[in-house]
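>>> Quick one, what's the 3D model for this:
(one chain, ligands or ions: 2)
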Amino acid sequence: MAAPFNPPAADLPGKPQVTPWVPPPTSKLDIDWAKLRTIDLSLLDSPDPKVVQDLVDTCRVAIRDDGFIFLEDYGVSIEQLHRQFDIAQYLHQHISDEDKERLHWNPDESGTFAGWKPMWGWRKEKGNKDNIEHFNYYQPQFESMDRIPTCMHPFWDEIVDFCNYLTYSVNKRLLKLLSKVLEMPDDFLWDLVQSKVGPVGQGYFRQALYYASDEVVHAKGQGTRMNGHCDFGTTTMLFSVPISSLQIWGRDEQWRYVPYKPGALVINIGETLELVSGGHFRATRHRVVDPPSDQQTYDRLSIVLFQASEGDLRMEPAYQSPLLQREGCFDSQGAYREFKRLREKGIPIPTNREWREVQIADAHHATDAAPRDTIVMVNGQKHIQREYMGVNILLPA
Ligand SMILES: O=C(O)CCC(=O)C(=O)O
Ligand SMILES: [Fe+2]
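Numbers count the residues shown, from 1 in each chain. Ligands and ions are numbered 1, 2, ... in the order given. I've put the predicted structure just below:
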């Protein structure tokens, strides 16, 4: 059995009292929610091979059809998880103006989101108001406490242990399950694809606060807070939150809200795994929008760990996988299809680092001015068309 999360105590001497985060009420509206499958990760340790095989079978279908799953029984209790929400809320209540300035992000030049994102768009320079604030912790933040907000110093032991547990226990087990779906050795994806340095590898941990939209934000974004996109790494570990703003793009080309499942992790597949799996795993498009009408006055606190792939690699489908050998590759969508086109033309595909950095440096969302975007209509739906490094991207807006 995998060891459960065992964090440092919250009441050690020197730790300030933290106001508990109070989960806001869930939507009571009758909504056509996305129907995601649930994976009980503890079953991976079952001594019964039939139980493990059933889990692999459920996972195969879930990541092929939805690209999103709910993960339960992964080793973090709901109390431990809520403590991390308490700490994230404390950050947003206590980060000083001096730290906001000192630790201000610079995605334009760094190609990372590291540091403080103010509520003024997705560029280094102040843009339009979007009411979204983050602190993003990358490996350099884990190497020096000078790079983290002072108000987080007392809780740093808990944050570091949480990220380590998510990466080296939860994500490692999840990648084992996904390797089993590919019918490859258990450590295949962990050893060959996952970035493993410090608590978050080349990925990052985010404490985000989406303040409720006001008239200005709403007028600019027309209800969209973050445009449709795919994540670029291995897996994204989003914690399910009561305010329903995350929507996923279904195979039937409809946006649907992801419902709240208390204590669950919402896992989505990143583009690296879509590429390695030859399209068998789906890097599903998703976006963040205003919640249903009965939740629109609430702020949305969100914590996320974006797991990254090893930056220097150029991904190839795992052709040696018995699954790929038997069923071939699926080239119906996404990065897999676009990268295949490049390969066929003899153009080198980008490395994982190039691919994520070029997208981050150009990141912009619904409230930003976006001069490079071409808008096209596909089947009556508005899509954004972009091109990075010779790769065409078409995303439902
Ligand atoms: O806040 C969320 O639920 C999702 C955010 C997201 O998709 C992203 O930052 O890539
Ligand atoms: Fe995302």
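
>>> Please name the bridge partners of the closest residue to ligand 1 within the chain.
Distances between the chain and ligand 1 by CB to the nearest ligand atom are smallest at residue 246, namely 3.9 Å. Yep, even glycine has a C-beta here, placed from its N, CA and C like the rest. Residue 246 has these beta-bridge partners by DSSP bridges: residue 288.

>>> That one: how many residues sit nearby?
Residues within reach of residue 246, counting by other CB atoms under 10 Å, total 25.

>>> Can you check the pLDDT for it?
According to the per-residue confidence, residue 246 scores 98 in pLDDT.

>>> just residue 370 next, same as before
68.

>>> same deal with residue 363?
For residue 363, the pLDDT comes out at 84.

>>> quick one: it and residue 110 touch, right?
No - counting by CB atoms under 8 Å, no contact exists between residue 363 and residue 110, whose distance comes to 11.8 Å.

>>> give the contact list for the closest residue to residue 221 other than its chain neighbours.
What sits nearest to residue 221 in space, not counting adjacent residues and going by CB to CB, 6 or more residues apart in numbering, is residue 366, at 3.6 Å. The neighbourhood of residue 366, defined by CB atoms under 8 Å, 6 or more residues apart in numbering, consists of 130, 220-222, 224-227.

>>> ok, and which of these reach ligand 1?
With respect to ligand 1, and counting by CB under 6 Å from any ligand atom, the subset of the contacts of residue 366 in contact is residue 226.

>>> And the contacts of residue 366, which is closest to residue 235?
Set against residue 235, the nearest of these by CB to CB is residue 226 (18.5 Å).

>>> circling back: can you tell me how far the residue nearest to residue 221 sits from residue 100?
Separation of residue 366 from residue 100 (CB to CB, to the nearest Å) stands at 23 Å.

>>> sorry, back to before: top of the contacts of residue 366 by number of neighbours, please.
residue 130 (25 neighbours).

>>> Touching, the residue of the chain closest to ligand 1 and residue 288? I think so.
Yes - under the criterion of CB under 8 Å, residue 246 lies in contact with residue 288, with a separation of 5.9 Å.

>>> check which helix or strand covers the residue nearest the centre of the chain.
Among the residues of the chain, residue 236 comes closest to the average C-alpha position under CA atoms, centre = their mean, at 3.3 Å. With the criterion set as DSSP states H and E, the secondary-structure element containing residue 236 is strand 235-239.

>>> How about residues contacting that strand?
Strand 235-239 is contacted from outside by 81, 84-85, 166, 170-171, 174-175, 246, 264-270, 273, 302-307, using CB under 8 Å, 6+ apart.

>>> Stretch 12-21 now?
Contacting residues not belonging to stretch 12-21 are listed as 10, 82, 85-90, 93, 154-155, 157, 301 [CB under 8 Å, 6+ apart].

>>> Strands - which of these land there?
Residues from the contacts of stretch 12-21 lying in strands, with DSSP state E as the criterion: residue 301.

>>> Buried ones among the contacts of stretch 12-21?
Using 16 or more other CB atoms under 10 Å as the burial test, the contacts of stretch 12-21 include 82, 85-90, 154-155, 301 as buried.
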